[in-house]
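A.B. asks: Okay, sequence plus prediction incoming.
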Amino acid sequence: MTSQSLEGRLDCRPNTLERLAAFGTALLSLGAAGIHFAVLGSHFEEWWGYGVFFAVVASLQALWALPMVHSPGRWLYWAGAVGNAAVIAAWAVTRTAGIPIGPSEGEVENAQFIDLLSVGFQALIVAVCVAMASQKQIATRRLPAAALWTATFVVAVGVMALTSASLVDWASAAEGHAHGEAAAESDTHGEAADEANTHGDAADADAHSDGGEAATMPAD
């Protein structure tokens, strides 16, 4: 590829499909990073190792987006493809074979909208990065400036809207799960109290019975 197509600075790069790809993948990466940052707290509560993993992934995804906008290079495309593919593979393992380490080892997690969206963002990053790094004809194809910025705007709005929706859905599901656990715990305590009351009533009945028998026994 020409140096202009993949190595130029922001102010002198031509309006090509590669430039749109750089903006688009940066936005997708920020969306995935936002999702991973948002769920940090819940994963740290489960185990510090899970939290650290998500913190590292989210930080790398956010940092990767910066040079993609300013001056992307072929190595940066390949780094994005390999890194995001690795995260997708790790996610697939936790949804099929089970979590490999930590207190939840062996547990198979259910796929939710928020992680499916994150995986979707990352899969698009992988596909676009591979195409831009390996296909000269695609990368250097010229675009009208209006088309470039309109497409970038559409991607930005789409990423923000979908990310926000996924976070709202995740927060609602987490709140419902917490209420469900509280209700289950309350039911358990209620059953224990009922059982204790039953035992108390039985004891009172036995005491009254014993007292009645003692009262009816003839005196010597």
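C.D. replies: Cool, the structure landed.

A.B. asks: residue contacts, Gly31?
C.D. replies: Gly31 makes contacts with Leu117, Ser118, Phe121, Val159, Met160, Leu162, Thr163, as judged by C-beta atoms under 8 Å, 6 or more residues apart in numbering. Where C-beta positions appear, they are placed from N, C-alpha and C, glycine not excepted.

A.B. asks: quick one: pLDDT of it?
C.D. replies: If you check Gly31, the pLDDT there is 98.

A.B. asks: for it, helix, strand, or coil?
C.D. replies: Remark: Gly31 carries the secondary structure label helix [criterion: DSSP: H, G, I helix; E, B strand; the rest coil].

A.B. asks: Please report the distance of it from Gln61.
C.D. replies: Using C-beta to C-beta, to the nearest Å, one obtains 9 Å as the distance from Gly31 to Gln61.

A.B. asks: residues touching Ala26, list them.
C.D. replies: Counted by C-beta under 8 Å, 6+ apart, Ala26 has contacts Trp64, Ala65, Leu66, Met68, Val69.

A.B. asks: What is the nearest of the residues you listed to Leu76?
C.D. replies: Distances from the contacts of Ala26 to Leu76 were compared by C-beta to C-beta; the smallest belongs to Met68, at 6.3 Å.

A.B. asks: ok, for that closest one, nearest residue in space, not its chain neighbours?
C.D. replies: Take Met68 and drop its neighbours on the chain: the residue closest to it by C-beta to C-beta, 6 or more residues apart in numbering is Ala26, 4.2 Å away.

A.B. asks: Got phi/psi on the most centrally placed residue in the chain?
C.D. replies: Against the mean C-alpha coordinate of the chain, by C-alpha atoms, centre = their mean, the closest residue is Asp115 at 4.3 Å. The phi/psi pair for Asp115 (degrees, to the nearest 10) reads phi -80, psi -30.

A.B. asks: Give me the pLDDT for Val56.
C.D. replies: 98.

A.B. asks: what element comes up after whichever strand or helix holds it heading to the C-terminus?
C.D. replies: Using DSSP states H and E, the secondary-structure element containing Val56 is helix 48-70. As assigned by DSSP H and E, the chain's next helix or strand after helix 48-70 is helix 74-96.
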